[in-house]
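Novice: I would like the atomic coordinates for the input below:
(chains A and B)
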Amino acid sequence: GQQVMQIPQYQHVQEGEDFTTYCNSSTTLSNIQWYKQRPGGHPVFLIQLVKSGEVKKQKRLTFQFGEAKKNSSLHITATQTTDVGTYFCAGRTGTASKLTFGTGTRLQVTL
Amino acid sequence: NAGVMQNPRHLVRRRGQEARLRCSPMKGHSHVYWYRQLPEEGLKFMVYLQKENIIDESGMPKERFSAEFPKEGPSILRIQQVVRGDSAAYFCASSPTALLSNYGYTFGSGTRLTVV
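Specialist: Numbers count the residues shown, from 1 in each chain, chains lettered A, B, ... in the order given. From the prediction side, this is the model:
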């Protein structure tokens, strides 16, 4: 079955440092979404990427979808303590409706 | 405009009892998805339903687990004869359409099930 892996599993940064999480799928994806889950909370949708090589920005967050549509990345510039949480990528294959979530990257930010 | 409503937020069951988890999707959303999250792990797909239909139950254990989304009322995830390994957070999500779109899932706050 489809597997979606993320690295690193955990990252601890100081406030102001940059952060990147990488997402790799075992199969080609039709689209990819990113979610953020705060500790004790529920996943919250951030963005969706559809096109090969697509890049989207949301303030300090930059999302990329690989040319082969099998990988993606999320980069946060100048992290803040409000960025703390676990970031999940989630992908769809073909016309399937269900999302397969990645393993997640837990981000800890300290002052 | 209420979001996805899940109840109860916390549920404690003894081994062998039944657990019923409820999910009301957002207004206008007709697609419901259930995911299970073990502590410190990712979200595992369980089942996808539309009103009165199970569309994809490929992630649902064959025994003890069932799900429904009746014409009226919330979607129900039912776990019979719970075991300690069923302890997890169960999240429900809804979306307005199943097809490719710019819509992400809207998740409920989850039900934290503890089996003692």
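Novice: residue of chain B nearest chain A, please.
Specialist: B:G104 (2.9 Å; Cβ to the nearest Cβ). C-beta: built from backbone N, CA, C; applies to glycine.
Novice: any idea how far A:F45 is from that residue?
Specialist: 3 Å (Cβ to Cβ, to the nearest Å).
Novice: any shared contact partners between those two?
Specialist: Residues within reach of B:G104 and of A:F45 at once, by Cβ atoms under 8 Å, 6 or more residues apart in numbering or on different chains, are A:Q33, A:Y35.
Novice: about what we covered before: can I assume the residue of chain B closest to chain A is in contact with A:Q33?
Specialist: Yes: using Cβ atoms under 8 Å, B:G104 is in contact with A:Q33, at 5.2 Å.
Novice: the more surrounded of the two?
Specialist: A:Q33 (25 against 19; other Cβ atoms under 10 Å in any protein chain shown).
Novice: which residues does the more buried one bridge with?
Specialist: A:Q33 has the following beta-bridge partners by DSSP bridges: A:Q48, A:A90.
Novice: what helix or strand is the closest residue to A:V84 other than its chain neighbours located in?
Specialist: Spatial nearest neighbour of A:V84, chain neighbours left out: A:V109 (5.3 Å); criterion: Cβ to Cβ, 6 or more residues apart in numbering or on different chains. In this structure, A:V109 sits in strand A:105-110 according to DSSP states H and E.
Novice: cool, B:K27 as well?
Specialist: Element membership for B:K27, per DSSP H and E: none, as it lies in no helix or strand.
Novice: tally of neighbours for B:F91?
Specialist: B:F91 - counted by other Cβ under 10 Å - has 25 other residues nearby.
Novice: still on that earlier bit, the residue nearest to A:V84: neighbour count?
Specialist: 20.
Novice: so it is in contact with A:D83, correct?
Specialist: Yes: with contact defined as Cβ under 8 Å, A:V109 reaches A:D83; the gap is 5.6 Å.
Novice: excluding chain neighbours, what is closest to the residue most central in space within chain B?
Specialist: Closest residue to the average C-alpha location of chain B: B:W34 at 3.4 Å, with Cα atoms, centre = their mean. Leaving aside its chain neighbours, B:W34 sits nearest to B:M46 (4.4 Å; criterion: Cβ to Cβ, 6+ apart).
Novice: show me what contacts the one you found?
Specialist: By Cβ under 8 Å, 6+ apart, the neighbours of B:M46 are B:Y33, B:W34, B:Y35, B:R36, B:E57, B:G59, B:M60, B:F65, B:A67, B:L77.
Novice: re the thing from before, any common contacting residues for B:G104 and A:Q33?
Specialist: By Cβ under 8 Å, 6+ apart, the residues touching both B:G104 and A:Q33 are A:F45, A:L46, A:I47, A:Q48.
Novice: those into TSV, with extra columns for distance to B:T97?
Specialist: Shown next, in TSV, are the shared contacts of B:G104 and A:Q33 (distance: Cβ to Cβ, whole Å):
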residue	distance to B:T97
A:F45	14
A:L46	19
A:I47	17
A:Q48	13
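Novice: could you flag which of these are buried?
Specialist: A:F45, A:L46, A:I47, A:Q48 (16 or more other Cβ atoms under 10 Å in any protein chain shown).
Novice: run a quick neighbour tally on B:S58.
Specialist: Count around B:S58 with other Cβ under 10 Å applied: 11.
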